[in-house]
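Asks: this one's sequence-less:
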């Protein structure tokens, strides 16, 4: 599979990590041998993906059975021997079952009542954020933010879009900083919980993100996020580890 590192989705240190995660997941979902829907995605970001570069993706099925299949996808800059990112992906054929949800969506104003914010990189031109909490990330007593997020191209929410939105929040190291500092994602995992009906009901609407840092120590910072639909359905949960200086 071939792709282009579209400069419209550039971050400050190369291609936006959410875009990279979405591309790796898409390469598996579009493979002729893929069966089922995305259940889990873990991306390791190895090196910078230069904006504008020609890319090659190599997805392959590692194993599994009728219900679960395990995949690996590697992303290369054309002409380079080593991958710039790799992903482990799990697809599953889901069945009706008993259900339960421990968490509830936090109370917050709707997106129409909040001010629009665009991340300060080219991907921010098509990625809107409206903060209910945590809009000012610097010198804060908490790493938590509550925000509505939307990729404004009109593409409807699916697992690929959820992977993209999972990396939109500001680096949690900013909370102990007086201003921006160098930060990059080392690894990010996304776990997909939404049913097809719930995703269909979202369309291209806003998704609500509750994001919090776990620990900032020794140049690394962990964070967790819950992604909710406007109807209060938990669509996905994510966790990532970032490096900073």
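Replies: Structure received. Since we're looking at a predicted model, the values are computed, not measured. Residues are numbered from 1 along each chain as shown.

Asks: For the longest helix seen in the chain, which outside residues touch it?
Replies: Taking DSSP state H as the criterion, the chain has its longest helix at helix 17-29. With contact meaning Cβ atoms under 8 Å, 6 or more residues apart in numbering, helix 17-29 is reached by 1, 3, 6, 9, 11, 34, 38, 41, 43, 45, 49, 55, 57, 59, 71, 73, 75, 85-87, 89, 91, 123, 159-161, 163-168, 184-185, 188, 190. (C-beta placed from N, C-alpha, C; glycine too.)

Asks: Return the subset of these lying in helices.
Replies: Per DSSP H, those map to helices at 159, 160, 161, 163, 164, 165.

Asks: Turn those into TSV, including distance to residue 145 and neighbour count.
Replies: Formatted as TSV, the ones in helices among the contacts of helix 17-29 follow (distance: Cβ to Cβ, whole Å; neighbours: other Cβ atoms under 10 Å):
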residue	distance to residue 145	neighbour count
159	23	23
160	23	18
161	20	21
163	19	29
164	18	27
165	14	26
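
Asks: Could you point out which of those residues is nearest to residue 136?
Replies: residue 165 (21.1 Å; Cβ to Cβ).

Asks: And the closest one, how far from residue 245?
Replies: In this view, residue 165 and residue 245 are 26 Å apart by Cβ to Cβ, to the nearest Å.

Asks: quick revisit: now which of the contacts of helix 17-29 would you call buried?
Replies: Neighbour counting over the contacts of helix 17-29 (16 or more other Cβ atoms under 10 Å) leaves 9, 11, 34, 38, 41, 43, 45, 49, 55, 57, 59, 71, 73, 75, 85-87, 89, 91, 123, 159-161, 163-168, 184-185, 188, 190 as the buried ones.

Asks: now the strands for this protein?
Replies: All strands of the chain, identified by DSSP state E, fall at 2-4, 10-11, 14-15, 37-45, 54-64, 68-77, 85-92, 127-133, 145-151, 183-192, 207-217, 220-228, 234-244.
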